[in-house]
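> How does the following fold in three dimensions:
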Amino acid sequence: MSDKELLDFMVENSVYPFCSKNGKIFLRCSKKLSEEKREEMIRQLDIKNASECEKLREEIKRRVAERRVNRPIKEWIEEERPREMLMQRGAENLPLSKLMAIILRTGRAGMSAEELAKLLLNSFGSLRAIDSAPISELYGIEGIGPAKAVQIKAALELGKRLFKESAKTMKRLKKPEDVIGYVSEYYAPYLRDREKEVFNAILLDIKNKPIDNVEISIGSVSATVVDPREIVRAASLRSASSIILVHNHPSGETMPSQDDIELTERIREACKTIGVKVLDHIIIGKNADDFYSFAKEGLMG
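Predicted coordinates for the structure are as follows:
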């Protein structure tokens, strides 16, 4: 490419030249470049010393700033800055893009943190999709590196932990509606989007208050292998008086299969041997209201 094309490329991709202490020229940029490409660019630049390197770097910075469509958030009027808006109006009154911008903190060349947040949200479609995506997929958004990806995942996990705290304050699980409410807060945020079936047991004391939550097994997309003896062992160790079974259906369909019904009966029979009651079995689907309660549907005998 010509010298002009090379400079345009460096400006467009925020490629900056640097000079090490021993005089070696190297490049830093916002996108991945092969070692061969880097060496080719350095040869064409023909930079001889640190002074020439700094001069070119400043020229690239100036041109990148000129290309910037959006001014950085710190230059916005205070009434439009996400952090200031949150302090003045409260977090509940901010749109998703501004809340995400606060988490991201910074944008990328030519794009503010809020614009980067909008790009992220539009790319995945929802917070739930972002939460389900592995960190490696977040890297697919230019401007989202390891630090930002970790910040996003940590923020979403805090939200799920808040739901779990709320579930733990429930005094007693007296009826199916209580059980579904508990499961929706404690389990659903983690299990609704799992690609494999996960089988859990809620252990309760004599007053039907949860004393522990135990993961029994993780299976495949369509089934999980559950040994009733594992549930009996867990209930015995915690001196549970009763238990509630919980598992997800990755398909999103909450209707129990024949295997689900037969497994529930085997677990009930096994628990009878130690005087522990199985009060309910909840199947979690994909959406917020997708739950199936065996007790509510009269399948617990």
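> how much space between the closest residue to residue 204 other than its chain neighbours and residue 231?
Computed as CB to CB, 6 or more residues apart in numbering, the closest residue to residue 204 that is not its neighbour in sequence is residue 242, at 4.8 Å. Where C-beta positions appear, they are placed from N, C-alpha and C, glycine not excepted. Counting by CB to CB, to the nearest Å, the gap from residue 242 to residue 231 is 12 Å.
> same check, this time on residue 22
For residue 22, the distance to residue 231 - CB to CB - is 65 Å.
> cool, residue 154 as well?
Relative to residue 231, and taking CB to CB, residue 154 is found at 33 Å.
> Which one's more surrounded, those two?
residue 231 (26 against 10; other CB atoms under 10 Å).
> In the host helix or strand of that one, which residues are buried?
Residue 231 is part of helix 228-237, with elements assigned from DSSP states H and E. For helix 228-237, burial by neighbour count (16 or more other CB atoms under 10 Å) applies to 228, 230-232, 234-235.
> tell me, which helix in the chain spans the most residues?
helix 146-168 (DSSP state H).
> Okay, helices next: where are they in the stretch 151-300 of the chain?
176-186, 188-191, 228-237, 258-272 (DSSP state H, counting those that start in this stretch).
> now those helices in a markdown table, with mean pLDDT?
Listed next are these as a markdown table, based on pLDDT from 0 to 100:
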| stretch | mean pLDDT |
| --- | --- |
| helix 176-186 | 94 |
| helix 188-191 | 92 |
| helix 228-237 | 96 |
| helix 258-272 | 96 |
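> Tabulate these (CSV), appending distance to residue 299.
Formatted as CSV, these follow (distance: least, CB to CB, whole Å):
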stretch, distance to residue 299
helix 176-186, 11
helix 188-191, 20
helix 228-237, 17
helix 258-272, 7
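> With respect to residue 287, which of those helices lies nearest?
Nearest to residue 287 among the helices of the stretch 151-300 of the chain is helix 188-191 (9.4 Å), distances taken as CB to CB.
> The closest one: how far from the chain's middle?
11 Å (CA atoms, centre = their mean, to the nearest Å).
> Kindly report the same for stretch 270-277.
38 Å.
> Need the residues that contact it.
228-229, 231-232, 235-236, 240-243, 278 (CB atoms under 8 Å, 6 or more residues apart in numbering).
> 6 Å instead?
In this structure, residues lying in contact with stretch 270-277 by CB atoms under 6 Å, 6 or more residues apart in numbering are 228, 232, 235-236, 240, 242, 278.
> what does stretch 24-34 give?
Against stretch 24-34 from outside (CB under 6 Å, 6+ apart): 13-19, 38, 42, 47, 109.
> Look up how far residue 223 lies from residue 280.
Distance from residue 280 to residue 223, by CB to CB: 20 Å.
> can you check residue 191 too?
Residue 191 is 15 Å from residue 223, by CB to CB.
> for residue 99, same thing?
Distance from residue 99 to residue 223, by CB to CB: 39 Å.
> ok now the helix holding residue 231, how far from the chain's centre?
For helix 228-237, the distance to the chain centre is 32 Å (CA atoms, centre = their mean).
> Let me know the angle separating it from helix 258-272.
Per axes from the mean of the first three to the mean of the last three CA atoms, to 10 degrees, the angle that helix 228-237 makes with helix 258-272 is 40 degrees.
> Give the other helices and strands that the longest helix of the chain contacts.
helix 96-104, helix 176-186 (3 or more CB pairs under 6 Å, 6 or more residues apart in numbering; DSSP states H and E).
> And whichever helix or strand comes after the shortest one, what's buried?
Once helix 96-104 ends, the next helix or strand along the chain (criterion: DSSP H and E) is helix 113-124. Of the residues in helix 113-124, those scored as buried under the neighbour-count criterion (16+ other CB under 10 Å) are 113-121, 124.
> Tell me how many other residues surround residue 276.
Count around residue 276 with other CB under 10 Å applied: 23.
> Now it: phi and psi?
phi -110, psi 130 (degrees, to the nearest 10).
> Let me know the distance separating it from residue 206.
11 Å.
> Please apply the same query to residue 121.
47 Å.
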